[in-house]
Structure formats: structure tokens, C-alpha cells
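Participant: any chance you could fold what I've pasted below:
(one chain, ligands or ions: 1)
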Amino acid sequence: MTSPGPFVPRATFPRLESIVRSYFLGHHKAGLAKMRQLLGSVELIIECRDYRVPLSSRNPMFEKNLVGRERMIVYTKRDLGAESLDEKTRETIRQWHKPQKVLFTDSKSDNDIKKVISYAKDIANSADNIIGTRMMLVGMPNVGKSSLLNALRRVGMGKGKVAMTGGQPGVTRSVGTTVRVCSDPDIQLYDTPGVFIPYVPNTSTMLKLALVGCVKDTIIDPITLCDYMLYRINLVDPGLYASFHPPTNDITQLLTATALQTGRLGKGGVPDLSATAIWLIQRYRAGELGRFILDDVDLDALQRRIQEESKEGKSANQLRKAIKEDKTAAKASRASLDFSE
Ligand SMILES: Nc1nc2c(ncn2[C@@H]2O[C@H](COP(=O)(O)OP(=O)(O)OP(=O)(O)O)[C@@H](O)[C@H]2O)c(=O)[nH]1
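Facilitator: You can find the predicted model right below:
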């Protein structure tokens with residue numbers, strides 16, 4: 001009998017055209033309109049992006065709609081992006097944005113949060129407003145805006161949580177009143193609802209955004225999403241799921257073994273693959289199945305992304321048509337899934 005050869009991970013993931021590529025909801029549009037209204041009263045925009053998807057969690061709508069204000073980019077959840085201090089990646093990302101200010105935060109790290117406060121103080125001091133300085137936190141859904149707001153208040157004011165946070169997108173639905181995060185100088189922040197991109201350019205970007213939690217879990221079939229996660233983990237280290245199954249490219253094998261081990265069984269003791277897929281995805285989101293960056297980060301990556309966007313530039317009507325077609329195509333494959341907010 002011949003022994004099996006070394007494990008070879010899949011080199012590509014199929015382009016699944018049935019995957020929906022829009023998640024632009026009513027409160028996203030309303031939130032963006034409100035942000036535009038408030039623009040004149042804020043000195044700084046703090047734009048949050050998820051460090052695990054530094055390109056995919058960029059929303060060009062913010063650049064287009066919120067112009068004329070100083071902007072700082074904060075890459076959140078840096079603790080989930082790399083096992084060790086990944087200075088080279090961070091330096092590359094800093095280069096993308098030069099001369100803009102860029103920071104990387106873990107909302108639990110006081111040191112990270114102090115850096116955000118220090119920059120906000122510089123802006124507030126130079127603005128020299130008698131009534132205090134207002135700033136606005138913006139970003140894609142679930143990137144950690146409210147957690148950052150709470151952390152800024154904790155570190156800046158020694159005060160407890162004010163904004164609700166949660167594992168699913170859409171926790172903050174509207175722009176509320178300001179929250180003070182520093183008293184000397186006086187700095188107040190607007191938290192805002194996450195705003196999704198109107199039309200995601202390709203399915204892999206949509207899968208990445210869904211995997212990190214920017215999209216509600218009912219939008220993409222959990223087994224498909226878990227299969228994408230398996231594909232990505234295999235490229236890093238298949239040993240990351242060794243406690244459930246030896247290296248495999250077969251999602252059904254991994255889910256069945258995990259369901260049996262963790263007791264996720266349906267009627268008649270049949271492994272509940274969907275529930276197990278959601279459970280494994282949540283383990284990944286908590287950093288328990290590897291901490292790695294899903295986008296390719298190199299010096300030209302941001303520029304390439306921007307060029308791709310402008311090449312793809314669709315007119316508003318084309319965009320609406322594409323979204324409609326996409327929804328119709330996706331409806332068939334997820335008849336039982338919920339697309340509501
Ligand atoms: N590990 C880690 N998790 C974080 C960090 N920041 C936020 N989270 C988690 O990410 C999830 C989303 O955080 P929120 O602060 O609610 O995100 P949001 O951007 O305000 O979400 P929306 O209101 O939906 O737009 C929560 O489960 C947080 O606990 C971080 O720095 N590290």
C-alpha cells in the first residue's frame with residue numbers, strides 16, 4: 001500500500017458567482033448622509049479599517065463623500081492580524097497613506113489607545129476651538145468603531161462603556177450625540193453606523209469581508225464561508241485545526257469531524273454542518289484558528305486597488321442593475337436564508 005503524499009492545499013478558490021456582492025442597507029445610506037451634514041462641525045475624521053483586511057475594509061465612499069477634513073486611519077483589531085509584531089506589514093501600510101496619520105490598535109491595549117488620543121489632542125490644540133473639538137468615527141460595519149470609542153473614553157476619561165458593541169454588524173444604527181473622550185483639551189466624538197460598499201468588486205473580497213464579520217452571517221451560506229476559511233487557513237498552516245481533523249481540503253470532512261467532537265448534532269444524531277460552520281467561523285474571528293492578514297500587502301497594493309476601482313467604475317444605473325441581478329441570482333441559492341437587516 002502506498003502512503004499518502006504530503007498535503008497540498010488548494011491554490012485557488014472557485015469564483016462563486018451565486019455569492020451576493022451587495023450589503024448596502026437603508027441605514028448605511030442614511031448614516032452617510034448624516035455624516036456629510038456633520039462634516040462642517042468636525043475637525044478630524046477617524047476612519048477605522050480592519051487590520052486583517054486592510055484593503056477590503058476600505059470604503060471609497062468615505063473618501064468621496066467626506067472630503068475637506070483632516071483624516072486619520074486606524075487599523076483596528078491588530079491583535080487578530082498577526083501572531084507576532086509584524087512591523088514590515090505595518091510599515092508598508094503606513095507608506096500607502098503617507099502623509100496621513102496611521103495607527104494600529106487593539107481596543108484592549110491602553111498603549112495603542114493613548115496614541116490615538118495623543119494625535120487627537122494635537123489636532124484639538126491646533127484647532128483651538130472655544131467650545132471644544134468634535135471628531136467623527138467612521139468605517140465599515142463591525143470594524144470596531146464603538147469598541148474604539150469606549151476604549152478612548154476609558155483611557156481618556158477613566159469612564160466606562162457608553163456605546164453598544166457586538167459580534168454582528170449593525171449594532172450602531174444611527175449617528176448619536178457626541179461622547180467626550182478627553183477633557184483637556186475638550187474632545188468629543190460622534191460614533192456612526194458602519195457603512196458598507198454599494199457593490200463589492202469580486203467574490204473573494206465579499207468572502208473576506210464576511211469572514212471577518214463585516215456582513216451579517218445570514219447573507220452567505222455558512223458552509224461556503226467556512227470552506228473559504230479552510231482554504232485560507234490551509235495556505236497558512238493546516239495544523240491550526242489539528243485538534244479537529246488532519247489537513248484536508250474537504251470542508252465536509254472537517255465539519256463532520258468537528259460536529260461529532262463538539263456535539264453539534266441535529267435530529268437522529270446527524271452532524272449539523274451549518275451550525276458547526278458558524279461555530280468554526282466564530283473561533284476564527286476570535287483569533288483561535290490563526291491570526292493572519294487576508295489581503296495581499298505590498299507597496300503598490302493600495303494604488304492597484306484604486307486603479308481597479310476606477311477601471312470598473314460603473315455608472316449609477318449599471319450599478320443598480322448589477323445589484324438587482326446579483327440579488328436575483330443569489331435568491332435561488334439561499335432561499336431559506338434571511339437578507340433582512
Ligand atoms: N480582538 C479584538 N476584537 C475587537 C477589537 N475591536 C472590536 N472588537 C470586536 O469586534 C466586534 C465589533 O465591534 P464593534 O465595536 O461593535 O464594531 P462597530 O464598528 O461599532 O460595529 P457596527 O455598529 O456594526 O458598525 C465586537 O465583537 C468587538 O468585541 C479589537 O481591537 N480586538
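
Participant: what does the stretch 1-150 of the chain have sitting close to the ligand?
Facilitator: Residues of the stretch 1-150 of the chain lying near the ligand by Cβ under 6 Å from any ligand atom: 76-77, 79-80, 105-107, 139, 141-147. To be clear about C-beta, it is placed using only N, CA and C from the backbone, and glycine gets the same treatment.

Participant: return the subset of those lying in strands.
Facilitator: In this view, these that belong to strands under DSSP state E are 76, 139.

Participant: which one of the residues of the stretch 1-150 of the chain next to the ligand is nearest to A120?
Facilitator: A120 has its nearest neighbour among these in T105, at 12.7 Å by Cβ to Cβ.

Participant: leaving out chain neighbours, which residue sits closest to that closest one?
Facilitator: D112 (4.1 Å; Cβ to Cβ, 6 or more residues apart in numbering).

Participant: any figure for the gap between the one you found and T76?
Facilitator: According to Cβ to Cβ, to the nearest Å, D112 stands 10 Å off from T76.

Participant: residues contacting stretch 227-243, please?
Facilitator: 7, 9-10, 13, 207, 211, 246-249, 251, 254, 258, 280-281, 284, 289-290, 292, 294 (Cβ atoms under 8 Å, 6 or more residues apart in numbering).

Participant: okay, the residue in the stretch 151-300 of the chain positioned nearest to the ligand: pLDDT?
Facilitator: Residue nearest to the ligand within the stretch 151-300 of the chain (Cβ to the nearest ligand atom): G194, separated by 2.8 Å. pLDDT for G194: 90.

Participant: count of neighbours near the closest residue to it other than its chain neighbours?
Facilitator: Using Cβ to Cβ, 6+ apart and skipping the chain neighbours, the partner closest in space to G194 is P141 (3.0 Å). Neighbour count for P141, taken as other Cβ atoms under 10 Å: 25.

Participant: also R285?
Facilitator: 18.

Participant: likewise for L39?
Facilitator: Quick note: L39 (other Cβ under 10 Å) scores 15 neighbours.

Participant: wait, isn't it in contact with R69?
Facilitator: Yes. L39 is in contact with R69 according to Cβ atoms under 8 Å; the separation is 6.1 Å.

Participant: least confident secondary structure element in the chain?
Facilitator: Least confident helix or strand, the chain: helix 316-333 with a mean of 57, by mean pLDDT, DSSP states H and E.

Participant: helices of the stretch 151-300 of the chain, start to end?
Facilitator: 203-212, 222-236, 251-262, 273-285 (DSSP state H, counting those that start in this stretch).

Participant: distance to the ligand added to those, as TSV?
Facilitator: As requested, the helices of the stretch 151-300 of the chain are arranged in TSV below (distance: least, Cβ to the nearest ligand atom, whole Å):
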stretch	distance to the ligand
helix 203-212	9
helix 222-236	17
helix 251-262	21
helix 273-285	8
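
Participant: buried deepest among these, which one?
Facilitator: Burial of those is given as mean neighbour count (mean count of other Cβ atoms under 10 Å); helix 203-212 ranks first at a mean of 23.

Participant: I'd like the average pLDDT over it.
Facilitator: Rounded mean pLDDT across helix 203-212 is 94.

Participant: identify the residues contacting that helix?
Facilitator: 13, 15-17, 19-21, 50, 52-53, 56-57, 77, 140, 142, 200, 215, 217, 219-220, 225, 228-229, 232, 281, 284-285, 294-295.
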